[in-house]
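Enquirer: missing the sequence, but the structure's below:
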């Protein structure tokens, strides 16, 4: 592969892997389906209960109104709880519900099995190459985050 092809290959391949994995994870799950962005938000909230919508938007690299829409869906599904921030009545704090924690636990377990199974099918050289690529992929993600326009990173009052 020519060096100039790498950005195009990464930009196409990473989302494709995510879509294929989500499709496999959805099969056999009871409705409602936990879509990618919903799962990401639920994971973030479960890791840091009480996170503000604006902080979640920043962490997920999404607009605050997009996260608010995701929150509304997850609240309607009974997977997330939204409370008014006692320190700032204009802000909302997010908490996973027991159903949200259970759904996330199931999602993670299925995802882990899926990736372990498919990574195990690769030969040792491919597994080593993927392992070696992880630090570079993390640095790429950080580089992309650092380039975010300032206006998108600022928290709204």
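Expert: Looks like it came in fine. No experiment lies behind these values; they were computed from the predicted model shown.
Enquirer: centroid residue for this structure?
Expert: By Cα atoms, centre = their mean, the mean C-alpha position of the chain lies nearest to residue 40, the distance being 2.7 Å.
Enquirer: What count of nearby residues applies to the closest residue to that residue other than its chain neighbours?
Expert: Nearest-residue entry for residue 40: residue 60, 5.8 Å, with adjacent residues in sequence omitted and distances by Cβ to Cβ, 6 or more residues apart in numbering. In short, each C-beta sits where N, CA and C put it, glycine included. By the other Cβ atoms under 10 Å criterion, the neighbourhood of residue 60 contains 16 residues.
Enquirer: Give me the pLDDT value at residue 60.
Expert: Residue 60 is assigned 92 on the pLDDT scale.
Enquirer: Double-check it against residue 67; I have them as touching.
Expert: Yes - because the distance of 6.6 Å satisfies Cβ atoms under 8 Å, residue 60 is recorded as touching residue 67.
Enquirer: joint contacts of those two?
Expert: A shared contact of residue 60 and residue 67, defined by Cβ atoms under 8 Å, 6 or more residues apart in numbering, is any residue touching both; here these are residue 41.
Enquirer: for this protein, longest strand please?
Expert: Within the chain, and with DSSP state E defining each element, the longest strand by residue count is strand 88-96.
Enquirer: Going along the chain from it, find the next helix or strand for me.
Expert: Using DSSP states H and E, the helix or strand that directly follows strand 88-96 along the chain is helix 98-120.
Enquirer: From residue 29, how far off is residue 91?
Expert: As judged by Cβ to Cβ, to the nearest Å, residue 91 and residue 29 stand 32 Å apart.
Enquirer: oh sorry, the question was meant for residue 44
Expert: From residue 44 to residue 29 the distance is 20 Å (Cβ to Cβ).
Enquirer: Which secondary structure element is home to residue 34?
Expert: With the criterion set as DSSP H and E, no secondary-structure element contains residue 34; it sits in neither a helix nor a strand.
Enquirer: Pull the number of nearby residues for the nearest residue to it once chain neighbours are set aside.
Expert: Spatial nearest neighbour of residue 34, excluding adjacent residues (Cβ to Cβ, 6+ apart): residue 107 at 5.6 Å. Taking other Cβ under 10 Å as the criterion, the count of residues near residue 107 is 19.
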